[in-house]
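>>> Could you look at this predicted model? Sequence included:
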Amino acid sequence: MAKCLVTGGAGFIGSHVTEYLLEAGHEVVVLDNLSTGREGNLKAVADHPKLTYRSGSITDPVLLAELVPGVDVIYHLAAAVGVKLVADDPVRTIETNIYPTELLLRLAAQGGQRFFLASTSEVFGKNAKDRWDEEDDLVLGPTSRPRWAYGCSKAIDEFLALAYHRKYGLKVVVGRFFNVVGPRQVGHYGMVIPRFVDCALDGKPVTVYDDGGQVRCFAHVKEVVDSVVGLMHTPEAEGRVFNIGGDQPVSVKELAEQVIERVDPEIPIEYIPYSEAYGDDFEDVRRRVPDLARLQETLGRRPNMSLGGILDDIIRWKREQRAAE
Ligand code: UDP
């Protein structure tokens, strides 16, 4: 059994990673500053004897130097995430996503810890291909549009991680997440499914940006976490980048219709321009679909829950949350 550091362990994905590792018998140290994470996300495991919670920031070099030598594995999930947060505060995005990752990678290269780097499908930018594999070009927009700071900062993280692997033998796996969704995800930072579900449960119109023709693939967080931890236990994964997500495309309009059908068929869709949601300098990604062949070949499995099953789980969780409030 290993001792694992989970940065961002009180966040949406991080809390699921923490639970999964504890369930498998590992020890977990969570480092989180609760900027976008919440203590309540760890409620189910709060008293677990193998869990240590450390409140603090990944931008604190002294704290990182204290925590890293005591662990065997690092799951680096702390980051500035969400298109809305990134659009609202690009400085925070860049500062949170680059320097702390460099520090952690350096410490792990020295200490020999295995390292999972959470990256994002945003690094592909607006590549026009129908399906993106890990060797495809990154096609980012101009620096005058803050959105691209997110993908660009994560691409720098990836470059660093792979360079540390080549130069120092760092045992790193890079995972590019594609629209991970599920219980505990909140809509404040722009994420579409919790926003649609909240609107529908409130009896309000569901707000689709632009014409709703944008295409995404959604993956349930539990399946994504299974892929993440699985890759960290697969030697062939070392030093490589993996797309992690679902690969069933759906338009945002169809997504809205599916949420409405499940919650209340009377709810209307309201179409609003991007400028109203994110300001004038916003640019969206029209289509984002991963090629999962590498993940399937390396791990022998990949996320495959249907969108209907995913939505049912999220709506059930949201209803429980509301009943408990
Ligand atoms: N979106 C929308 N309404 C919302 C939130 C998002 O129509 O209330 C759209 C958004 O423009 C994007 C898609 O849903 O095309 C997915 O957005 P999200 O922020 O969840 O993830 P992204 O894929 O943009 O990182």
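Ah, there it is. Numbering: from 1, shown residues only.
>>> What is the burial count for N304?
14 (other C-beta atoms under 10 Å). Where you see a C-beta, it was placed from the backbone N, CA and C, and this is true even at glycine.
>>> try S119
Using other C-beta under 10 Å, S119 has 26 other residues around it.
>>> how much space is there between it and V241?
7 Å (C-beta to C-beta, to the nearest Å).
>>> Isn't G141 up against F124?
No. Checked against C-beta atoms under 8 Å, the pair G141 and F124 is beyond contact range at 11.8 Å.
>>> more neighbours, the two?
Set G141 next to F124 and count neighbours by other C-beta under 10 Å: F124 wins out with 24 against 16.
>>> The residue in the chain sticking out farthest from the centre: what secondary structure?
Distance from the C-alpha centroid of the chain, by C-alpha atoms, centre = their mean, peaks at E266 (32.2 Å). Under DSSP: H, G, I helix; E, B strand; the rest coil, E266 falls in the coil class.
>>> Return the backbone torsion pair for it.
phi -80, psi -20 (degrees, to the nearest 10).
>>> ok, it - contacts?
For E266, the contact set (C-beta atoms under 8 Å, 6 or more residues apart in numbering) is empty.
>>> I'd guessed P142 sits against W148; true?
Yes. Counting by C-beta under 8 Å, P142 does reach W148; the two are 7.2 Å apart.
>>> number of nearby residues for W148?
Using other C-beta under 10 Å: W148 sits among 22 other residues.
>>> I should have written V229 there, sorry.
So V229, with other C-beta under 10 Å, has 19 neighbours.
>>> That one in helix, strand or coil?
Three-state call for V229 (three-state DSSP): helix.
>>> what's the distance between the nearest residue to it once chain neighbours are set aside and the ligand?
Spatial nearest neighbour of V229, excluding adjacent residues (C-beta to C-beta, 6 or more residues apart in numbering): Y20 at 5.9 Å. For Y20, the distance to the ligand (C-beta to the nearest ligand atom, to the nearest Å) stands at 23 Å.
>>> Over to G111?
G111 is 33 Å from the ligand, by C-beta to the nearest ligand atom.
>>> So that residue sits against V68, correct?
Yes. G111 lies in contact with V68 (C-beta under 8 Å); the separation is 5.8 Å.
>>> Neighbour count for these two, which is higher?
More crowded of G111 and V68, by other C-beta under 10 Å: V68, with 20 against 13.
>>> Secondary structure element for the residue lying closest to that one once chain neighbours are set aside, which one?
The shortest distance from V68 to any non-neighbouring residue, by C-beta to C-beta, 6+ apart, is to L107 (4.2 Å). Per DSSP states H and E, L107 falls inside helix 99-111.
>>> And the biggest helix by length in the chain, what does it pack against?
Within the chain, and with DSSP state H defining each element, the longest helix by residue count is helix 148-168. Contacting helix 148-168 under the criterion 3 or more C-beta pairs under 8 Å, 6 or more residues apart in numbering; DSSP states H and E are the following elements: helix 83-88, helix 90-97, helix 99-111, strand 114-120, strand 172-177.
>>> of all the residues in the chain, which ones are close to the ligand?
The interface of the chain toward the ligand, taken as C-beta under 6 Å from any ligand atom, is made up of 83, 179, 190-192, 195, 207-209, 214, 216, 252, 284, 288.
>>> Any of those buried? List them.
83, 179, 190-192, 195, 207-209, 214, 216, 252, 288 (16 or more other C-beta atoms under 10 Å).
>>> would you turn these into CSV with distance to V73, pLDDT and secondary structure?
Shown next, in CSV, are those (distance: C-beta to C-beta, whole Å; pLDDT from 0 to 100; DSSP: H, G, I helix; E, B strand; the rest coil):
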residue, distance to V73, pLDDT, secondary structure
V83, 30, 74, helix
N179, 26, 97, coil
G190, 30, 80, coil
M191, 27, 92, coil
V192, 32, 96, helix
R195, 34, 97, helix
T207, 40, 97, strand
V208, 41, 98, strand
Y209, 39, 97, strand
Q214, 36, 97, coil
R216, 30, 98, strand
V252, 36, 98, helix
R288, 29, 98, coil
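>>> So I74 lies in a strand, does it not?
Yes. If the criterion is three-state DSSP, then I74 is within a strand.
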